[in-house]
Every structure is written in structure tokens, then in C-alpha cells.
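1. Turn this into a model:
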Amino acid sequence: MRYLKVIFLVQILIVLTALNQLQARILRVGYNGAPLTGVDYANLAAAQTGANAGDTIQVYGSVGSLNVTKKLVFIGFGFNLDIANTLQVNALDIPSSATLSFREGSESSVVEGLQVDINLYISNVTIQRCRGSISLYNNTAAINNIKVIACALTSMSMISSTGFPCTNFRMSNCIFSGSVSFYLPGSSGLIENCVGSNYTGGYVNLNDAGFLVKNCILSGYNTNSINTIFNNNIFDVAQPSVLPLGNNNLWGQPYLNIFDALGGTANAITTYVGNGAFNDRYCILKTGSPGINAGLDGTGAPTDCGIFGGELAYRYRISGIPAVPAIYKLTGSSATSGNPYNVTISVRSNN
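-> Here you go, the predicted model:
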């Protein structure tokens, strides 16, 4: 019996060791503290080489570019922290930033809390709480099952109008400049609770793709979106002579009547720094806004149009704060000597 107990304990230790080795690790690039072997890497390429599929790479500062060939999670600490200066101890507008090109082998990767330029050559990637541009390279393959959640986008488009159709695209609770562009009859997706910039003309340009656009606030309307269904959206522009497919859309609503803008150039909503400075709090609905409860969520219940309404899991988070705990306050007592020395550390979950 004693011999069997020893064998059983050894088996447990082997299993626990194996499970520990299978757990995803956290690696760092650009960290300015004392480097740890196996944790800190000089650049993204070295970190990817040292990473296993499923590992997380934390990004500190501007770290260059990478062709991503493994399933990885990239996490930064948000952006615009000088404006939302109570969200983290780091209250500077020095976001984590990178250029990431996702290629074969990187399916099911996730990017969160970064300022990014993202090039997608493969399917099944999630980009959330980021700021920057996203391009789908459908000239070489179909790029399907892409999720873009709670981002501030300067550009979002398929690059080819004659390549492969892209299906099951989801864009939820995003701010975007210019147009969101899709092409080809086989392309499909959902755009919900988004806000188009009234500084650069934010509208959807979906041509002959088959999309549902709902609960959005858009500064323009493109009549070329012939297969798009528009439900419960608000438009800055006047009602067109030929209405699009769909219902319950509200036309001719100036942004100044919709949003609780905080100032800046012509109260403009923009994803760029400068020209009044990007401030995602401009998208908060004002008292009496026509956007309040003007949309419908997935259950058919009334919800606000714009980035702070819709499905709870997808709602926009100010400054793209990632869904990981963060220290937002770190203070010490005014006295520099004495025992004890009091330190206050405040942490939020950011879920």
C-alpha cells in the first residue's frame, strides 16, 4: 500500500509539472526595468521566437514591426492617458505601439490596448480596444471571422475590390475616420454601435457586400451600399430620395445635438491627435440626445446608439484600457522618513 501511495504521488507531480509547462506565459518587449531572462526581449521578433503558441507579449512603448506567425496575445496599456489621466499611473500620451502583420500560423491571435497598424493575411483574429488602422489583404486569400471591438480606427478596409470576398466580419462599438470599405457580393458582416467621425466624414462604403449596420451614428451615407440593411441608425446628412434597405433610421441630426462634446475644433469627433486632439469622451450622448434608447440590442431591448450602447461585452472603454488589472493610483505619505512609511496603491480590474 505504501508503494502504491508513492507511485500515485509521483504521478500527481508529473501531471502538475506538465500542466504548469502548458500554461501560457507573459513575455515583455520594451520594458524599462531590470530585464528577466526568458521574460524580457530586445524586440518583437526575439519575443516571438521565445514564445509558445498562446503566450502573451506585453508591449511597452514603440517596439517596431513584426510578421506574426504564431497564435499570440499582444497587450498594451491603452492610449490618450494624458486625457483620461485617472485610469492608470502612467498619465502620458505615450501609447504602446507596433505594426503587426498576421500571417499563416497566427490564426486566433488577439491584440488589445495598442496603437497599431495591422495587416491581415489570415482569418480568425480579434482586435479590441486598439487605435490605428486595419487592412484586410483579400487580394491573396479570403480573410474571414475578423472581430474589431471597441477600437478607434483611422482606416478599416479590404484592399481589393476584385479579390476574394471576406465573410463574418464583426465591427462593434468603434469610432472611425473616413469610410469602412468592403467589396464583393460574397462579403458579409455586422457593423453595430459605431460612430463615424464628423471631422473627416465617417460613413460605411459597403458597395455590393451584404452587411447589417445597426445602432450606429454616421456623418454620411453612401448610396452605393446596395445590399446593406440599415436599422436604427442616426445620420448627420439629410434623408436621401431613395431610402436604403432597413427601417427606423433617423436622418438630418447634427452631431452637436447628439453628443456631449467637450470642446476642440468645431466639436469634432476624430481619431487623430491634433486638430482639437482626439478625445473619445466626445462620443458620450448628451442629455436629450436622439441617440438615447434609439437602438435595439441582440434581445430586441432598447439600447443607446453609439459606442457606449449595445451589447455589454463590446461597449467602448475610454482610452482603450485593456481588460487586465491596472494600478491607477500610487502615492506615499509626505514624510520621507519614519516608520511606518504609508503607501497607497489602488488597482482596478478594467474588465
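
2. for this structure, what helix or strand is lowest in average pLDDT?
-> Within the chain, no helix or strand scores below helix 2-22, which has a mean of 36 by mean pLDDT, DSSP states H and E.

3. now the helices: where do they sit in this protein?
-> Applying DSSP state H to the chain gives helices spanning 2-22, 44-50.

4. Tell me which other helices or strands the shortest one touches.
-> What it means is helix 44-50. strand 26-29, strand 56-59, strand 62-68 (3 or more CB pairs under 8 Å, 6 or more residues apart in numbering; DSSP states H and E). Where C-beta positions appear, they are placed from N, C-alpha and C, glycine not excepted.

5. Now mean pLDDT and mean neighbour count too, for the ones you listed, in a markdown table please.
-> Below are the helices and strands packed on helix 44-50 laid out as a markdown table (pLDDT from 0 to 100; neighbours: other CB atoms under 10 Å):
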| stretch | mean pLDDT | mean neighbour count |
| --- | --- | --- |
| strand 26-29 | 96 | 19 |
| strand 56-59 | 96 | 22 |
| strand 62-68 | 96 | 18 |
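
6. Same list (these) but as CSV, adding distance to Pro95.
-> Formatted as CSV, the helices and strands packed on helix 44-50 follow (distance: least, CB to CB, whole Å):
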stretch, distance to Pro95
strand 26-29, 14
strand 56-59, 9
strand 62-68, 8
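
7. out of the ones you listed, which comes closest to Ala313?
-> Between Ala313 and those, the tightest spacing by CB to CB is seen for strand 56-59, at 20.1 Å.

8. contacting residues around Glu112?
-> Val73, Phe74, Ile75, Gly76, Ile127, Gln128, Arg129, Cys130, Pro322, Ala323 (CB atoms under 8 Å, 6 or more residues apart in numbering).

9. Can you select the buried ones among these for me in ChimeraX?
-> With 16 or more other CB atoms under 10 Å as the criterion, this ChimeraX line picks the buried residues out of the contacts of Glu112:
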select :73,74,75,76,127,128,129,130,322
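
10. From Phe164, how far off is Gly295?
-> 32 Å (CB to CB, to the nearest Å).

11. Same question for Asn293.
-> On the measure of CB to CB, Asn293 and Phe164 end up 39 Å apart.

12. Looking at the two, which has the bigger crowd around it?
-> Phe164 (19 against 14; other CB atoms under 10 Å).
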